[in-house]
Structure formats: C-alpha cells, structure tokens
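>>> Kindly return the folded structure for what I paste below:
(2 chains)
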Amino acid sequence: MTHIIKRQRSNLPANWRIEAYNPSKLHKSIHSTCLSVRTPPGEADLTAKRVCQAVGLWLENHFEVTSADIRRKAGESLHIHNPEAAYLYQQQHIMA
Amino acid sequence: MNLELTLSPVWFTVLIVTVAAALHASFQLGISVLSGLHAHGLGIERRRSNLAKLGIHYVVGVFALTGLLALSLIYLATVFASTSTSFWWAITCGLGIGVGIAVMSFYYRSGHGTMLWLPRSAAEYLTHRITRTKTGFEAATLGMATTIAELPFILAPLAILAMLTRGVPDFYNVSLVLLYVMIATSPLVIILMLLNAGHKLSHIQRWRETNKRFLQFSAGLGLIVVSLYLFSMYCLSPEGILER
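Below you'll find the model as predicted:
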C-alpha cells in the first residue's frame, strides 16, 4: 500500500502526517475541479476515473510519496483530458 | 505642476479619491476568495441561483465593511487631525509610501500562481471558511473577514480618503465615501458578473496570473506617487498647509 506524506506547513519530519492513499479522495478532487470549469458531470466523472487509473499505475512503483507528488502526477494526467481543469487544479492551492 | 491651481478643489479631491479607490481595487485577496467560493460551489454542484446569491452576499459583506472602515477612519481623522494637520498628512503619506514599497516588494509570493503575502494560517482559515459557506449570511461574513485580512494594505488608501473627507459629514463628503467604496468593490462586481454569465474561472485565473506583476507594480508605484504628491501639497507648500 502506498503512503502519502502530508507536510503540515512545516519541513520538519516531526510535523508530517502520513496517511494511506485513498483513490476516492483524488477522484472527488478531480471531479469537482472539472465541474469548476463547467465540464458536464458525466465527462467530469469519466475524466476523474481516468486520472485515478493513471495515478494508481504510477503509484505501483512507489511506496511513499508526498501530496505534492500526487498533485503533480494528477495534474499531468488531467492535462491530457482537460487542460483547463488541469490548470485550475494546479492553481487551486496557490490561488490565495 | 500644481493640480489644485488648475482644477477646482472639489474636482481635485474627487480625482484623488478616485485614484485612491482604484489603488484599493487593485488588491487581489477579495477576488481570490470570490473565485474560490465560486469554484467550490460549482464543484459541489450548487444551483446557479444559490451560487449567485452567495456571490452577491459576499460582495455586500466586502462593501459594508469597507464602508464602515472608511467611516471609522474619517471619524478618527476628524477628532485627531483637526489640529497639526501637516503632521497627520505626513503620517498618512508615510504610510502610503511604506505600503507602496511593501506591495512592490512582497505582495505576491514568488513562484507560479497568485499566492499572496498572507500568513499561511490566514489563507488556510479563509479556504476552510470557503468550503463551509452555505448561506448568504456566511458569505457576507466571509467578505468581511477577507476585508479585515487585507487591512495592512488597504489602510493606506483608506487613510488618504479619511484625511480628504474629514470634517462635517455633508452631502459632498458622504458622496466621496460612497464613490470610493463603489470603485474599490467594482472588480468584485465585474468578476461576479463574468462568473455568473458563464465565463470559465480558469480564463479569469489565467488573466490574473499573466498580469499579476503589472498590477503589483502599478498599485505600488501608484500609492508611492499619490503619497508623494499629497505630501508636497499638504506638508511642503504654504497653500496646502493653510488649507486641509
């Protein structure tokens, strides 16, 4: 099982939180980002499934990754299916 | 060139208030939070009417608190700045120059995106509130919280407004305050109209990212220029010292 390291506003390992990778969380995030750029719901769902599959394949070779890695990989995969959503997905955590 | 000699005092004040309001309007935190609110609403499939209602309430919250802050500063200026006017103008202009330099230096964080100077805890609080906003009242309080979060930067143009409109609250001064608040919140109204008309958030965000350095530079430089001009008007020239 792949683990995700979440850096909680700190570069100190003592402040990091580790949780198991949850594909449904990623699916929900990609789905809502697609809806934010007014993608039809069916297409958003399909895009989210494809992105989760691509990220899942990538994670097979990795035991531990950071949430930034997941975001980057998901963004790259999303860019193939929906470039507008991919731009917003990568901007969301750096908008404010 | 002494603008006040070529323009009547009334139009001169209107011009400076308009410039100060435009500088206030160029600050981006309100737009970031409104964009986040709209994106979140679309993401969880809110009804379009509900989304519009939240956006309107958000803008009303920003409008209300900006107006209240302006009136509070005007009251303080009326009480404290009626004597030693040159001293208070020097303080106001110093604040404007300091904020202008700060805007040009670190308003946006380095790197991609439109990440602002805000402490991460404040940004996370606003992001958390965006996801929890369901009613119009919560959207209005979110607008007020955003205005408070941006206070270190909007204080400078508000102080300029306060010094120009201090005194008796007649029709003229109240109109100037209304003009200021309307111009300061106009970008939010425009963005809200664009989003509700169907424009994609990604297009708006792309525009913001492309032009962020221009907006940052023009806001900072504008504040510095206006502050220096007002300083020369009210602190250095004999006519200005005798006037406001």
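>>> Which parts of the chain are helices?
By default, I'm working from chain A. Under the criterion DSSP state H, chain A contains helices at A:23-36, A:41-59, A:67-81, A:83-91.
>>> my bad, chain B
B:3-6, B:9-25, B:29-43, B:48-80, B:85-106, B:120-132, B:136-149, B:151-165, B:171-196, B:201-231, B:238-242.
>>> wait, which of those is closest to residue A:33?
Shortest distance between residue A:33 and the helices of chain B, using Cβ to Cβ, is found for helix B:29-43: 6.7 Å. Every C-beta, even on glycine, is put in place using the N, C-alpha and C of the backbone.
>>> got the angle for the closest one vs helix B:151-165?
Angle of helix B:29-43 versus helix B:151-165, following axes from the mean of the first three to the mean of the last three Cα atoms, to 10 degrees, is 130 degrees.
>>> Restricting the selection to alpha carbons, write helix B:29-43 to CSV.
Extracted in CSV, the C-alpha atoms of helix B:29-43 (Å, rounded to 0.1, in the frame of the first residue of the first chain):
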residue,chain,number,x,y,z
LEU,B,29,-7.4,38.9,-2.0
GLY,B,30,-11.1,39.6,-2.4
ILE,B,31,-11.0,38.3,-5.9
SER,B,32,-9.1,35.2,-4.9
VAL,B,33,-11.6,34.3,-2.2
LEU,B,34,-14.6,35.1,-4.5
SER,B,35,-13.0,32.8,-7.2
GLY,B,36,-12.5,30.1,-4.6
LEU,B,37,-16.1,30.4,-3.4
HIS,B,38,-17.4,30.1,-6.9
ALA,B,39,-15.1,27.2,-7.8
HIS,B,40,-16.1,25.3,-4.7
GLY,B,41,-19.8,26.0,-5.4
LEU,B,42,-19.5,24.7,-8.9
GLY,B,43,-17.5,21.7,-7.7
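>>> which residues of the chain score low on pLDDT?
Picking chain A for this. Applying pLDDT under 70 to chain A flags the ranges A:1-16, A:93-96.
>>> you looked at the wrong chain, it should be chain B
Ranges of chain B meeting pLDDT under 70: B:1-7, B:238-244.
>>> hmm, try it at 50
Within chain B, the ranges that satisfy pLDDT under 50 run B:244.
>>> who's in contact with residue B:23?
For residue B:23, the contact set (Cβ atoms under 8 Å, 6 or more residues apart in numbering or on different chains) comprises B:156-157, B:219, B:222-223, B:226.
>>> Show the buried residues in these.
B:156-157, B:219, B:222-223, B:226 (16 or more other Cβ atoms under 10 Å in any protein chain shown).
>>> Would you quantify the distance from residue A:27 to residue B:66?
With distances taken as Cβ to Cβ, to the nearest Å, residue A:27 is found 40 Å from residue B:66.
>>> of these two, who's got more company?
Each of residue A:27 and residue B:66 has its neighbours counted (other Cβ atoms under 10 Å in any protein chain shown); residue B:66 has more, 25 against 17.
>>> pretty sure that one is touching residue B:183, no?
No: counting by Cβ atoms under 8 Å, residue B:66 does not reach residue B:183; the two are 10.4 Å apart.
>>> so how far is stretch B:25-39 off the chain centroid?
12 Å (Cα atoms, centre = their mean, to the nearest Å).
>>> close to chain A, is it?
Yes: applying Cβ under 8 Å from any Cβ of the partner chain, one finds stretch B:25-39 touching chain A at B:29, B:32-33, B:35-36, B:38-39.
>>> Pretty sure residue B:163 sits against residue B:92.
Yes: between residue B:163 and residue B:92 there is a contact under Cβ under 8 Å: 5.1 Å.
>>> Neighbour count for the two, which is higher?
Set residue B:163 next to residue B:92 and count neighbours by other Cβ under 10 Å: residue B:92 wins out with 27 against 22.
>>> how much space between that one and chain A?
According to Cβ to the nearest Cβ, to the nearest Å, residue B:92 and chain A sit 29 Å apart.
>>> Report the contact partners of that residue.
Residues in contact with residue B:92, defined by Cβ under 8 Å, 6+ apart, are B:156, B:159-160, B:162-163, B:227, B:230.
>>> from the residues you listed, which two are the most distant?
B:162 and B:227 (13.9 Å).
>>> picking that back up, any chance of the contacts of residue B:92 in TSV with distance to residue B:111 as columns?
Below are those laid out as TSV (distance: Cβ to Cβ, whole Å):
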residue	distance to residue B:111
B:156	26
B:159	31
B:160	32
B:162	36
B:163	37
B:227	29
B:230	35
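>>> Let's see if you can find the most crowded of the residues you listed.
Within the contacts of residue B:92, neighbour counts (other Cβ under 10 Å) peak at residue B:160, which reaches 28 neighbours.
>>> ok, residue A:69 - contacts?
residue A:62.
>>> on that earlier part again, what is the nearest of the buried ones among the contacts of residue B:23 to chain A?
Set against chain A, the nearest of the buried ones among the contacts of residue B:23 by Cβ to the nearest Cβ is residue B:219 (17.0 Å).
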